[in-house]
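Colleague: Just to be clear, the model below is a prediction. Sequence and coordinates:
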Amino acid sequence: MRWQGLLLGAVLLACASCSADLSQRRPYLIMENLDYAAKHMEAGQTEEAAQLYQVVLLADPMNEKARAGLAGIGQYDRCILEPTLLGINYVCRPLRKSPVLWLVLYPVNRVLSILDIVSFHVGLEGGAYVDAHVTHAMQAAAGAGGGMQLGWWLRRDLAVGAGHVAGLALGPFSVEGEGYSRFGTGGIRSSAFSVAGLSRPSDLEYQRYRDYWGVGVRVVAAIVGAEVEFHPVKLVDAITGFFFIDFLREDFGHTQGLDLPTNESAAMEDLISTLSPGEMRARMEGRMIAPPPPPLSSPPTPAEAPATK
């Protein structure tokens, strides 16, 4: 039991230090995202600029530069990083008005939607770890392990890499840390995150890395490891997709990509990472983020203008 206590303490310490570091970086990340948005505005890429402005408002709902920028753009799509109840399942790419292309790519989209239903990985991993969950409201996990991995992960990432996990979980409560570095269809990715306390769908971990609604098992024993997870939300999407209902907004032809370089996407995700669990819940529930008002310098509308004699 001694090693379990040391493990628990190490994860808690990592959670606290990471949270403090990220909160101190928020003002600098806000400025960085605003600078990127201004460059896209100069290039006439208003949708990319709108995404960056919206991320700033998620971190700072009263930021005047971001609110004025969005008001100047007028119409824009929903932020791809805005927290939702569906979490990582909701891809939320900007819509594309191209029904012909959507129809042509219909077979491809249906195959990919079916493949999305189950994710898995196998690998040469050392340690001792077991996890079983029926959503992360009902889970049991303990141990530590990691090593080389090959698998098919969420967001259609067929990749090879290395990963590790450590911690304890029971019911909706957990103290865990996980990290990975991968190269595959999702690009080159390297991430690390931690969970401490009550697990909620709004938590950053379930918005960016894990499926809160997933049902699965993961085991690391001696020198081998494996994981398989079923995604109920993806099953619903696969079924409705046959009727041209793309509620997760991930079908090719129905949606389009954004011209956001890796450094800009990383800046957006880093800024979202500075939000506390309470802030993430508030953003998801819509209490602290709303369509921005017009700039303060805007002239009054006829109804607001003072009457003249």
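Modeller: Okay, I see it. Residues are numbered from 1 along each chain as shown.

Colleague: wouldn't Gly216 be in contact with Thr135 here?
Modeller: No: using CB atoms under 8 Å, Gly216 is not in contact with Thr135; the gap is 9.9 Å. All C-beta spots, glycine's among them, are computed from the backbone N, C-alpha and C.

Colleague: okay, these two: which has more neighbours?
Modeller: Comparing Gly216 with Thr135 by other CB atoms under 10 Å, the one with more neighbours is Gly216, at 20 against 16.

Colleague: Secondary structure class of the more buried one, three-state.
Modeller: Assigned with DSSP: H, G, I helix; E, B strand; the rest coil, Gly216 falls in the strand class.

Colleague: Read off the pLDDT value for it.
Modeller: pLDDT recorded at Gly216 is 98.

Colleague: Specify the beta-bridge partners of it.
Modeller: Under DSSP bridges, the beta-bridge partners of Gly216 are His133, Glu229.

Colleague: Let me see the contact set for it.
Modeller: Applying CB atoms under 8 Å, 6 or more residues apart in numbering to Gly216 gives the contacts Asp131, Ala132, His133, Glu227, Val228, Glu229, Phe230.

Colleague: Can you go through those and name the buried ones?
Modeller: In the contacts of Gly216, burial by neighbour count holds for Asp131, His133, Glu227, Glu229, Phe230, counting by 16 or more other CB atoms under 10 Å.

Colleague: would you list those in TSV and tack on pLDDT and distance to Tyr53?
Modeller: As requested, those are exported to TSV (pLDDT from 0 to 100; distance: CB to CB, whole Å):
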residue	pLDDT	distance to Tyr53
Asp131	98	38
His133	98	36
Glu227	98	37
Glu229	98	34
Phe230	98	37
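
Colleague: Identify, from those residues, the entry nearest to Ser265.
Modeller: For these, the residue nearest Ser265 by CB to CB is Glu229; the value is 24.7 Å.

Colleague: Now for the residue nearest to the spatial centre of the chain: which residues touch it?
Modeller: Central residue of the chain (CA atoms, centre = their mean): Arg208, 2.7 Å from the mean position. Contact partners of Arg208, counting by CB under 8 Å, 6+ apart, are Ile88, Ser191, Phe193, Glu269, Ile272.

Colleague: ok, it to Ile73 distance?
Modeller: 25 Å (CB to CB, to the nearest Å).

Colleague: Got a ChimeraX select line for the buried ones in the contacts of Arg208?
Modeller: To isolate the buried ones among the contacts of Arg208 in ChimeraX, judged by 16+ other CB under 10 Å, type:
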select :88,193,272
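
Colleague: So which of the contacts of Arg208 are in strands?
Modeller: In strands, defined here by DSSP state E, the members of those are Ser191, Phe193.

Colleague: related to what we said a few turns ago, so what does the residue nearest to the centre of the chain have for phi and psi?
Modeller: Per-residue torsions, Arg208: phi -120, psi -30 (degrees, to the nearest 10).

Colleague: Could you do Arg283 as well?
Modeller: Arg283 adopts backbone torsions of phi -70, psi -40, taken as degrees, to the nearest 10.
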